[in-house]
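A.B. asks: A structural model of the following input is requested.
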Amino acid sequence: MSGAVARVNPYERWVLPFGLDLAMRHRELTRYRTQVAPRARGVVLEVGAGSGLNFAYYTAETTRVLALDPSPPLLRMAKRRAAKTAFPVEFISVSGERIPLPDRSVDNVVMTWTLCSIPDPEQALREIRRVLKPAGKLLFAEHGLAPDARVAAWQRRLNGIWTPLAGGCRLDRRIDDLIRTAGFELDDLRKGYARLPRVLGYMYVGSAVPA
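C.D. replies: Got it, this is the predicted structure:
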């Protein structure tokens, strides 16, 4: 509201970022990171960089990382991790729906467990497509809607409790459909349950190119 003073939510400022950093260091999630981040080349935009946990898995083929995330507390953690990298990291504190970069300016985009919590994932994916070079790739590991009816029903039931506690994360987004609808072609897609509770752990992992 115009003229109103923005209120700081203590949970989102002091509790959620540290909880997310701890949860995202889970060994099973690290296994997926090692399948995604090492594939990145050149100038990499990481949408939903969080606390910088992917930085350790980029290779010498990555020349620069643009780390985008709307959470200042998480980006402060990421800056500490960036001090140990061999490549420069630039931080962008905005959400993925409005990426402040020129068209066709990045070689790869990396997302790990990001589309679940972006308020408008379709718009974010359109922005990602806009900033990717024609030969660029979107590299991702996401969780979302499970194919089993019973699990999917529980995902939908739990959203009302889970979403506000987990920074907007929704359990029931169909990741592959979102990516295709935004104008991408999936050239690699692996789906299946991780070694996690099933409502949280149906994974979509792979890559996509602008169609």
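
A.B. asks: Correct me if wrong, but Glu90 is in a strand.
C.D. replies: Yes: Glu90: assigned to a strand according to DSSP: H, G, I helix; E, B strand; the rest coil.

A.B. asks: excluding its backbone neighbours, what's nearest it?
C.D. replies: Leu66 (5.1 Å; CB to CB, 6 or more residues apart in numbering). Using the backbone N, CA and C atoms, a C-beta is placed for each residue, glycine as well.

A.B. asks: Centre of the chain to the one helix or strand that neighbour maps to, how far?
C.D. replies: Under the criterion of DSSP states H and E, Leu66 resides in strand 62-68. Distance, stretch centre to chain centre, for strand 62-68: 14 Å (CA atoms, centre = their mean, to the nearest Å).

A.B. asks: Could you do stretch 163-179 as well?
C.D. replies: Offset of stretch 163-179 from its chain centre (CA atoms, centre = their mean): 11 Å.

A.B. asks: What distance do you get for Cys188 to Asn9?
C.D. replies: Quick fix: residue 188 reads Asp, not Cys. With distances taken as CB to CB, to the nearest Å, Asp188 is found 38 Å from Asn9.

A.B. asks: Comparing the two, which residue is more hemmed in?
C.D. replies: With neighbours defined as other CB atoms under 10 Å, Asp188 and Asn9 compare such that Asp188 has more, 13 against 10.

A.B. asks: rewinding a little: state the next helix or strand along the chain beyond the strand holding Leu66.
C.D. replies: helix 72-82.

A.B. asks: Give me the contacts around that next one.
C.D. replies: 13-14, 17-18, 20-21, 49-53, 55-56, 65, 67, 69, 89, 91, 93 (CB atoms under 8 Å, 6 or more residues apart in numbering).

A.B. asks: looking at the chain, which helix or strand does the model trust least?
C.D. replies: helix 10 (a mean of 85; mean pLDDT, DSSP states H and E).

A.B. asks: Would you pull up how far the next helix or strand after that one lies from the middle of the chain?
C.D. replies: The C-terminal neighbour of helix 10 among helices and strands, as given by DSSP H and E, is helix 16-23. From the chain centre to the centre of helix 16-23 is a distance of 14 Å (CA atoms, centre = their mean).

A.B. asks: What is helix 16-23 packed up against?
C.D. replies: Other helices and strands packing on helix 16-23, by 3 or more CB pairs under 8 Å, 6 or more residues apart in numbering; DSSP states H and E, are helix 72-82.

A.B. asks: Quick one, grab the pLDDT at Val8.
C.D. replies: Val8 is assigned 56 on the pLDDT scale.

A.B. asks: The one 4 residues further on too?
C.D. replies: Reported pLDDT at Glu12 in the predicted model: 85.

A.B. asks: That one contacts Ala166, correct?
C.D. replies: No: with contact defined as CB atoms under 8 Å, Glu12 does not reach Ala166; the gap is 11.0 Å.

A.B. asks: Mind checking which of the two has more residues around it?
C.D. replies: Ala166 (18 against 14).

A.B. asks: distance between stretch 142-150 and the chain's centre?
C.D. replies: On CA atoms, centre = their mean, the centre of stretch 142-150 falls 18 Å from that of its chain.

A.B. asks: Pull out the buried residues from the longest helix that the chain contains.
C.D. replies: In the chain, assigned by DSSP state H, the helix with the most residues is helix 149-165. For helix 149-165, burial by neighbour count (16 or more other CB atoms under 10 Å) applies to 151-152, 154-155, 159, 162.
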